[in-house]
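J.: no sequence for this one, just the structure:
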């Protein structure tokens, strides 16, 4: 969803008199129900049929994929117009899907093709309506949906130990299923149980935590996009998928570490759904992450002294190699 925020803003500008409804998990309402985004969220999970009770939508926009399953899900609502990527199997005409395209640019291109100009830089979200559970903390997020995108526990713990030795406040985040992983990182780093917030935050409080954090250290997963959405400094570790597809904007306060350049240049990539840690992710060392974190913290402190004027000037640094 976070990669589609600029596209949603384009729809809001292009269809100002329409009610804009986002079909997705109900928790997303806490982030995207806003005057310049959407009016409400229609609770939905994956590609389950949509429980739409109103008249057929005037416009349906497929921000899920290139069909046919997601196209047919929207076709079942009998919209007057369906906007989606070209899919002959579903009888949908539209722009061609481009493998390897950055996700933000992908959805902007789709709505632009339909006639609504989009600005890919408009990724920011409004501030959460709740307070951060740990303002000013360094957030370590070791989890990801698949093992191929999870940096080893002992390495996250080593980074956490370094941060603790600097006198920084640290919290370890994750969902309820990732709580054992977060506990393992905290135990190995010598943190107390209060440092483990995994399983103790909903999306709104996690968003407030990220917005108020001093730094976020994580893999290629959702919390990295929250850091982008709130302009929070981050160090993001990439593995099977190149940052050219899912990475943060180059003008933000984010550092990308990735060692898949040689593989990508030869046309290969890792498996983002793999059961083993990707080789490119394993190539990222603790020293690299510590060095990047130290630089981000230093730049963040300088930015605060300058009244925030440098917030969008620090470039993304990409480490790329074999």
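T.: Sure thing, it's come through. The shown structure was predicted, so the numbers you read here are calculated from the model rather than taken from an experiment.
J.: residue furthest from the geometric center of the chain?
T.: residue 55 (32.9 Å; CA atoms, centre = their mean).
J.: need phi/psi at residue 207.
T.: phi -60, psi -40 (degrees, to the nearest 10).
J.: find the residue closest to it in space, skipping its chain neighbours.
T.: The shortest distance from residue 207 to any non-neighbouring residue, by CB to CB, 6 or more residues apart in numbering, is to residue 128 (4.6 Å). Using the backbone N, CA and C atoms, a C-beta is placed for each residue, glycine as well.
J.: so how far is residue 2 from that neighbour?
T.: 14 Å (CB to CB, to the nearest Å).
J.: and the closest residue to residue 229 other than its chain neighbours, how many neighbours?
T.: Nearest residue to residue 229 in three dimensions, chain neighbours excluded: residue 125, at 4.3 Å (CB to CB, 6+ apart). Number of residues near residue 125 (other CB atoms under 10 Å) recorded here: 19.
J.: secondary structure element holding residue 125?
T.: Here residue 125, judged by DSSP states H and E, is contained in no helix and no strand.
J.: lowest confidence element among the helices and strands of this protein?
T.: Least confident helix or strand of the chain, by mean pLDDT, DSSP states H and E, is strand 318-319 with a mean of 51.
J.: looking at residue 128 and residue 2, which is more packed in?
T.: A direct count of neighbours by other CB under 10 Å for residue 128 and residue 2 places residue 128 higher, at 21 against 17.
J.: give me every residue that touches that one.
T.: 30-31, 204-205, 207-208, 211 (CB atoms under 8 Å, 6 or more residues apart in numbering).
J.: among those, name the buried ones.
T.: For the contacts of residue 128, a neighbour count by 16 or more other CB atoms under 10 Å gives the buried set as 30-31, 205, 207-208, 211.
J.: related to what we said a few turns ago, using the three-state scheme, assign the residue nearest to residue 207.
T.: coil (DSSP: H, G, I helix; E, B strand; the rest coil).
J.: residues touching the residue nearest to residue 229, list them.
T.: Applying CB under 8 Å, 6+ apart, the residues near residue 125 are 2, 5, 31-32, 34, 207, 229-230.
J.: got it, and residue 31?
T.: Contacts for residue 31 (CB under 8 Å, 6+ apart) come out as 1, 125, 128, 203-204, 207, 229.
J.: quickly find the element holding it.
T.: Counting by DSSP H and E, residue 31 is part of helix 29-32.
J.: what mean pLDDT does that helix get?
T.: Mean per-residue pLDDT for helix 29-32: 94.
J.: can you name the element that comes right after that helix?
T.: strand 40-43.
J.: who does that following strand pair up with?
T.: Strand 40-43 has these partner strands in its sheet, going by DSSP bridges: strand 21-24 (parallel).
J.: list the buried residues in the partner strand.
T.: Buried residues in strand 21-24 (16+ other CB under 10 Å): 21-24.
J.: any idea which of these is closest to residue 75?
T.: Closest approach to residue 75 among the buried residues of strand 21-24 (CB to CB): residue 23, at 13.5 Å.
J.: so that closest one bridges to which residues?
T.: Assigned bridge partners for residue 23, using DSSP bridges, are residue 42.
J.: check it and give its pLDDT.
T.: 96.
J.: OK, contacts around it?
T.: Neighbour list for residue 23: 41-42, 44, 50 [criterion: CB under 8 Å, 6+ apart].
J.: which residue packs closest to residue 248, ignoring adjacent ones?
T.: In space, residue 248 is closest to residue 254, 3.9 Å off (CB to CB, 6+ apart).
J.: what residue ranges in this structure are flagged as low confidence?
T.: 266-267, 302-322 (pLDDT under 70).
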